[in-house]
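Undergrad: no sequence on this one, just coordinates:
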């Protein structure tokens, strides 16, 4: 039996000893109560207005937030502040994706500052082999409403044309820096009514910087019924034009908003009719990327155990090395540690998205993350069950 086959046989997403190896008993208890609060919907229904009021009123809640939800889902407030969390992940062979997660600002000054901060993550990634990717959200570099006009092919004023040029320059600065430093970069997906504009920019960056290897990765949200076809079309373009396709495969993050907007405005919802359709297209996307692995670099950004297991098993069936440079798994910091650390334990390329930024500025991200936890069927319950299992294991092993 080959070493890789032996490793595959040892892969188990139920191994909580490996999953929670870096967590103390106190850490486990804090995580347990945090997910219990998330499960109660308090953070999604009551948390945002109460917290926003407390922050505006100057009440001392920042310390509480930092020691609970922030510490669980974020790496720190600065790149330097993230180093201990980066090292903890690296001790179990898991890489980091530094994600500057400041949201909700829309001034040119903030867009320039965000671009500069992302460039700092690229520079840091060059010096630290534990940083697997850089990442940016396009609306962190330009106004949502501007992307909306471009996507709808509405005429731009001269001022808006100049503004959009600045957006493109910021994106190009980041992609150029990643190309120069040998750092891969992920372009996050957003709402469907601005995604075509983002796809056009991502495609242009891939055509420019992915000539020798996948450097720029666009994101495909497979909860959209048209995204498997988009992935396939982009792959055929890459094969024809002679560049590498970079693809981050996710299910999606804006389902309720998308369906509500489609209903309000009277157009066909871009979202799949049911979860089974999403799962089917996601798994087909994984297989498609494996079928074209010589031309595609891809990241399976998923907390789904079945999809993760499928990809791991298919890699073995096709005799692809666990550390194949074109294949990565990824999960969010603070979630699905049973996937991340058990995959890394048997040699797969795994990275965690590590959000960071000032506590107050990251709050919109944190509440959105809590909301996504409650909207994904079984996710919070699964986290609680795994934590409970590990607490029992530790108690019985004393």
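TA: Yep, it's here. These numbers were taken from a predicted model, which means no experiment stands behind them.
Undergrad: Report the separation between residue 215 and residue 244.
TA: Residue 215 sits 8 Å away from residue 244, going by CB to CB, to the nearest Å. (C-beta placed from N, C-alpha, C; glycine too.)
Undergrad: contacting residues around the longest helix along the chain?
TA: Longest helix in the chain, counting residues (DSSP state H): helix 158-181. Here helix 158-181 makes contact (CB atoms under 8 Å, 6 or more residues apart in numbering) with 108, 111-112, 115, 118-119, 122-123, 125-126, 134, 136, 138, 141-143, 146, 149-150, 156, 183-185, 187, 201, 205, 208-209, 215-216.
Undergrad: just the buried members of those residues?
TA: Among those, those classed as buried by 16 or more other CB atoms under 10 Å are 111, 115, 118-119, 122, 125-126, 134, 136, 138, 141-143, 146, 149-150, 183-185, 187, 201, 205, 209, 215-216.
Undergrad: sorry, back to before: what about the longest helix of the chain, average pLDDT?
TA: Across helix 158-181, pLDDT averages out at 98.
Undergrad: for it, which positions count as buried?
TA: Buried, per 16+ other CB under 10 Å, within helix 158-181: 160, 163-164, 166-167, 170-171, 173-179, 181.
Undergrad: for the residue lying closest to residue 308 once chain neighbours are set aside, what are its contacts?
TA: Nearest residue to residue 308, sequence neighbours excluded (CB to CB, 6 or more residues apart in numbering): residue 339, at 5.3 Å. For residue 339, the contacting residues are 13, 303, 305, 308, 329, 331, by CB under 8 Å, 6+ apart.
Undergrad: what about the protein, any weak spots by pLDDT?
TA: The chain contains residues with pLDDT under 70 at 1-9, 41-61, 64, 104, 368-377.
Undergrad: try 50
TA: 1-2, 5-6, 8 (pLDDT under 50).
Undergrad: what about the helices in the stretch 251-398 of the chain?
TA: Ranges of helices in the stretch 251-398 of the chain, per DSSP state H, counting those that start in this stretch, are 255-265, 275-291, 305-317, 337-345, 359-375, 379-397.
Undergrad: which other helices and strands contact the third one?
TA: Meaning helix 305-317. Secondary structure elements in contact with helix 305-317, counted by 3 or more CB pairs under 8 Å, 6 or more residues apart in numbering; DSSP states H and E, are helix 3-10, helix 275-291, strand 296-301, strand 327-332, helix 337-345.
Undergrad: export those to JSON lines and tack on distance to residue 265?
TA: Shown next, in JSON lines, are the helices and strands packed on helix 305-317 (distance: least, CB to CB, whole Å):
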{"stretch": "helix 3-10", "distance to residue 265": "48"}
{"stretch": "helix 275-291", "distance to residue 265": "22"}
{"stretch": "strand 296-301", "distance to residue 265": "29"}
{"stretch": "strand 327-332", "distance to residue 265": "31"}
{"stretch": "helix 337-345", "distance to residue 265": "37"}
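Undergrad: of these, which approaches residue 22 most closely?
TA: helix 337-345 (8.3 Å; CB to CB).
Undergrad: relative to strand 296-301, how tilted is that closest one?
TA: 140 degrees (axes from the mean of the first three to the mean of the last three CA atoms, to 10 degrees).
Undergrad: what's the angle between helix 337-345 and helix 305-317?
TA: Using the same axes, to 10 degrees: helix 337-345 against helix 305-317 is 10 degrees.
Undergrad: contacting residues around the closest residue to residue 310 other than its chain neighbours?
TA: Nearest residue to residue 310, sequence neighbours excluded (CB to CB, 6+ apart): residue 283, at 5.7 Å. Residue 283 makes contact with 306, 307, 310 under the criterion CB under 8 Å, 6+ apart.
Undergrad: Would you check that the first one makes contact with residue 279?
TA: So the one you mean is residue 306. Yes. Contact criterion CB atoms under 8 Å: residue 306 and residue 279 qualify, at 7.3 Å.
Undergrad: Many thanks, we can stop here.
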